[in-house]
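In: Here is the input, now give the coordinates:
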Amino acid sequence: MTVEIRPEDYDPWVELSRYQARSDRLQPGAFGACASFVGTMRDFSEGDNVSSMTLEYYPGMTEKQLNDLVEGAIANHELIDALILHRVGEVRPGDAIVLVATWSAHRKASFDACRLIMEHLKSQAPFWKKEQLSDSERWVESNTSG
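Out: Sure thing, here's the model as predicted:
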């Protein structure tokens, strides 16, 4: 299980491949399913063009909450492993913001856990977003649904 908060851009597909290759629990034959979700920054929000976004978080508290979330998902969905990578700092359109991946013996557990983790990240995790518009900036008051 790994939870990382990163200030730099990353390629989620390279990270997913590296993580799986390095893990003792994820060797070939050890799992039957991997579900993953990658969230990227859009260049629009609420009808406005967005040139960049700054993501802030509460160091220490955010990592603890995400670790607790992943530990619960592993126990409740019988996961073999799980990964969360989340960006902070300045993000530009097209940049990966979040990668969630779950591994299990069967697809249902992986799909269900991946969605549960992602929905929690969008609705409850202590991250704050400030969008940079062409002539102003604004804090995002609520996340998109589904």
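
In: Tell me, how many residues neighbour the spatially closest residue to residue 26 that is not a sequence neighbour?
Out: Once flanking residues are discounted, residue 26 sits nearest to residue 20: 4.8 Å by Cβ to Cβ, 6 or more residues apart in numbering. C-betas here are computed from N, CA, C, even on glycine. For residue 20, the neighbour count with other Cβ atoms under 10 Å is 18.

In: same for the helix or strand where residue 20 lies, what does it pack against?
Out: In the assignment (DSSP states H and E), residue 20 maps to helix 12-22. On a contact count with 3 or more Cβ pairs under 8 Å, 6 or more residues apart in numbering; DSSP states H and E, helix 12-22 meets strand 33-40, strand 79-87, strand 96-104.

In: In this structure residue 10 contacts residue 96, no?
Out: Yes. In this structure, residue 10 is within contact of residue 96 by Cβ atoms under 8 Å, at 6.1 Å.

In: most centrally placed residue in this protein?
Out: In the chain, the centroid-proximal residue (Cα atoms, centre = their mean) is residue 98; its distance is 3.2 Å.

In: can you pull the contacts of the closest residue to that one other than its chain neighbours?
Out: In space, and not counting its chain neighbours, residue 98 is closest to residue 39: 4.3 Å by Cβ to Cβ, 6+ apart. Neighbour list for residue 39: 96, 97, 98, 99, 118 [criterion: Cβ atoms under 8 Å, 6 or more residues apart in numbering].

In: May I have the secondary structure class of the residue lying closest to residue 128 once chain neighbours are set aside?
Out: In this structure, residue 128 finds its nearest non-sequential neighbour in residue 56, 4.6 Å apart by Cβ to Cβ, 6+ apart. Here residue 56 is strand, with the state taken from DSSP: H, G, I helix; E, B strand; the rest coil.

In: Report the buried residues of stretch 70-81.
Out: Within stretch 70-81, the residues scored as buried using 16 or more other Cβ atoms under 10 Å are 70, 73, 74, 77, 79, 80, 81.

In: which one of those residues sits closest to residue 62?
Out: Residue 62 has its nearest neighbour among the buried residues of stretch 70-81 in residue 70, at 12.7 Å by Cβ to Cβ.
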